[in-house]
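Chemist: Below are the sequence and a predicted model; questions follow.
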Amino acid sequence: MTRERRHEITRLEAFSDAVFAFALTLLVVSLEVPRSYHELMQLVRGFVPFAACFALLVWIWWEHSTFFSRYAIQDGTTVALNAALLFVVLFYVYPLKYVMNVAFRSIAPQAGLEAPATTDEVARLFVVYGLGYMAVFVILAVLYHRVWTKREQLALTAGEALDARLFTGAHLMSAAVGGLSVLWALAAPHGLRGLAGPLYFLMAPAQTLYGTWAGRRRRLLRVDGRH
């Protein structure tokens, strides 16, 4: 329902894209060309966790890019929130890379990788990872909520204002999954704390249900708008 603006890329968006590009660079297994078969195989083994990290960061970049394509908002608070998001993304790269390397170590073993040795270490790992994950989506939700509060100043249509609220909810849903993982890591019995990771698979059904509900809200608005 929201139409993207035709606009020139602003300095804020260009700077943000450069930060995302730098974050992706930090994910690279090695910046050196392999000089032996062993080094090449080490690089190949890092492909699967690298692909998972790459996909997640591209998803975050896409959500960020979509926001600024939809709304012409560049005020000081938005710039500050954007800076906070970029800060979290840069910090998030290292926990993300480590978690993915550990998660895929059975099929993509990495030389020198030390997995968490105790359940307490597993719990702390998922707390750090989950807090970063939550922070990303909470900031995105706050950005959309801010647009909704400024819907009159931005001259949003009823559909665009509804979308701002719905996207706020979608990002809060993503953050809630991260929050559930953090709570599980902190409160679950020691032997079950490793399930904090698989809890992220709840994203698919949660967002599917939310998307179905959001679609109904959009259809109702279209019907009401005809009368």
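Modeler: Cool, got the structure.
Chemist: How about the contacts made by residue 90?
Modeler: 19, 22, 23, 26 (Cβ atoms under 8 Å, 6 or more residues apart in numbering). C-betas here are computed from N, CA, C, even on glycine.
Chemist: if you set the cut-off to 6 Å instead, what comes out?
Modeler: residue 23 (Cβ atoms under 6 Å, 6 or more residues apart in numbering).
Chemist: what about it, helix or strand, and which?
Modeler: helix 76-103 (DSSP states H and E).
Chemist: any idea of the mean pLDDT for that helix?
Modeler: Average pLDDT, helix 76-103: 92.
Chemist: So for that helix, what gets flagged as buried?
Modeler: Within helix 76-103, the residues scored as buried using 16 or more other Cβ atoms under 10 Å are 78, 81-82, 85-86, 88-89, 92-93, 95-103.
Chemist: Quick check: closest non-adjacent residue to the residue nearest the centre of the chain.
Modeler: The chain has residue 60 as the residue nearest its centroid, 4.2 Å off, counting by Cα atoms, centre = their mean. Spatially, and ignoring its direct neighbours in sequence, residue 60 is nearest to residue 136 (5.8 Å; Cβ to Cβ, 6 or more residues apart in numbering).
Chemist: and the gap between that neighbour and residue 59?
Modeler: 10 Å (Cβ to Cβ, to the nearest Å).
Chemist: what about the two, which has more around it?
Modeler: The neighbour comparison of residue 136 against residue 59 (other Cβ atoms under 10 Å) goes to residue 136, with 24 against 12.
Chemist: per-residue confidence for that one?
Modeler: 97.
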